[in-house]
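1. Provided below for reference: sequence and predicted model.
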Amino acid sequence: MTHATHVHRSTAYVKPINQRGRAWKPDPISNQFRFIMRMAYACRERGVPYVLTWGLADGVMSATILATGNIPTPKPLPKAPRLKVVADWKPSIWEAVYRLDAYHDVNLKRRCPGFVLEHSCGLALVHPSDCDELGADNADIRQNWRVTQTGSGLGFGLTLNFKRATDALLLAASFPVDWTQEVSVLKSNRDFHRAGNVVIAAYGRAHEKESAKRRLAELEQAA
């Protein structure tokens, strides 16, 4: 008794990146292309004979897989991690604590004084001030708030009103990042860079938003 040999053949195409939608957010690699990569991996893992052929014509890349035998079912792609829910945090301006090392001023290259409201995730809201009495310098205490990492005092480069600064902090806190870590460690974390650019894209000025969106697209392409 003979058994029929199963054969599977699939082809996928990928356009050049400059033909894949918007400049700052190109269309992602197609699901069909990803399927072929998963199929090749599944065949290799189970010892099923296959041939993967690459082609390039008119700037369009193609990938074709031809598998024979006991064709495996590729494992589904893992789902993108969902952002963790951050508990409601409703800080009051009047709860801010004055500190001489409240934040790091990148221009002065040193820690400077101000009022601080810490969040348990390792981020904080900071209102720069040379006076240790909130509002005593006649400044509008609802304005000029920054989102910083508590440990380093470094911020996201944003200056916002209190409500928007709170929302920006909670957005950053929703990413799977341990903000209590050293900055040198965080710099190697892709989610750290993604979180920073998402926050800037949402709360930065117009030119800052566009730059952040381009960097997010680059992170997506590199993934």
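-> Yep, it's here.

2. Who's the closest spatial neighbour of N70, skipping the chain neighbours?
-> V48 (6.1 Å; CB to CB, 6 or more residues apart in numbering). C-beta here means a position set from N, CA and C on the backbone, and glycine is covered the same way.

3. packing partners for the helix-or-strand element of the chain with minimal mean pLDDT?
-> Lowest on mean pLDDT, DSSP states H and E among the helices and strands of the chain sits helix 206-222, with a mean of 84. Counting contacts by 3 or more CB pairs under 8 Å, 6 or more residues apart in numbering; DSSP states H and E, helix 206-222 is packed against helix 190-203.

4. separation between C112 and I29?
-> C112 is 45 Å from I29, where distance means CB to CB, to the nearest Å.

5. how near is the residue most central in space within the chain to I200?
-> In the chain, the residue lying closest to the centroid (CA atoms, centre = their mean) is R194, at 2.0 Å. R194 is 11 Å from I200, where distance means CB to CB.

6. again, but for E220
-> 16 Å.

7. So for those two, which sits in the more crowded spot?
-> Each of E220 and I200 has its neighbours counted (other CB atoms under 10 Å); I200 has more, 21 against 13.

8. Burial check on the residue nearest to that one when sequence neighbours are not counted, number of neighbours?
-> Nearest non-adjacent residue to I200, counting by CB to CB, 6+ apart: A212, 4.0 Å away. Residues near A212, counting by other CB under 10 Å, number 22.

9. these two touch, right, A212 and A206?
-> No: in terms of CB atoms under 8 Å, A212 does not count as a neighbour of A206; the distance is 10.9 Å.

10. before we move on, back to that, and the angle from the least confident helix or strand of the chain to helix 190-203?
-> Here the directions of helix 206-222 and helix 190-203 differ by 150 degrees (axes from the mean of the first three to the mean of the last three CA atoms, to 10 degrees).

11. Pull out the buried positions in helix 206-222.
-> E208, S211, A212, K213, R215, L216, A217 (16 or more other CB atoms under 10 Å).

12. Can I get those residues in JSON lines including distance to D132?
-> Below are these laid out as JSON lines (distance: CB to CB, whole Å):
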{"residue": "E208", "distance to D132": "31"}
{"residue": "S211", "distance to D132": "36"}
{"residue": "A212", "distance to D132": "35"}
{"residue": "K213", "distance to D132": "40"}
{"residue": "R215", "distance to D132": "38"}
{"residue": "L216", "distance to D132": "39"}
{"residue": "A217", "distance to D132": "44"}
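
13. which among those gets closest to G69?
-> Distance to G69, by CB to CB, is smallest for A217 among these, at 39.9 Å.

14. quick one: the residue nearest to A67 when sequence neighbours are not counted and H8, what's the gap?
-> Among residues not flanking A67 along the chain, Y50 sits closest, at 4.0 Å (CB to CB, 6+ apart). Remark: distance between Y50 and H8 (CB to CB) = 8 Å.

15. With N138 instead?
-> 74 Å.

16. Counting neighbours around each, name which of those two comes out higher.
-> A count of neighbours by other CB under 10 Å puts H8 above the other of N138 and H8, at 15 against 7.

17. Secondary structure element for that one, which one?
-> strand 7-14 (DSSP states H and E).

18. Parallel or antiparallel, which strands does that strand pair with?
-> Here strand 7-14 has these sheet partners by DSSP bridges: strand 60-68 (antiparallel).
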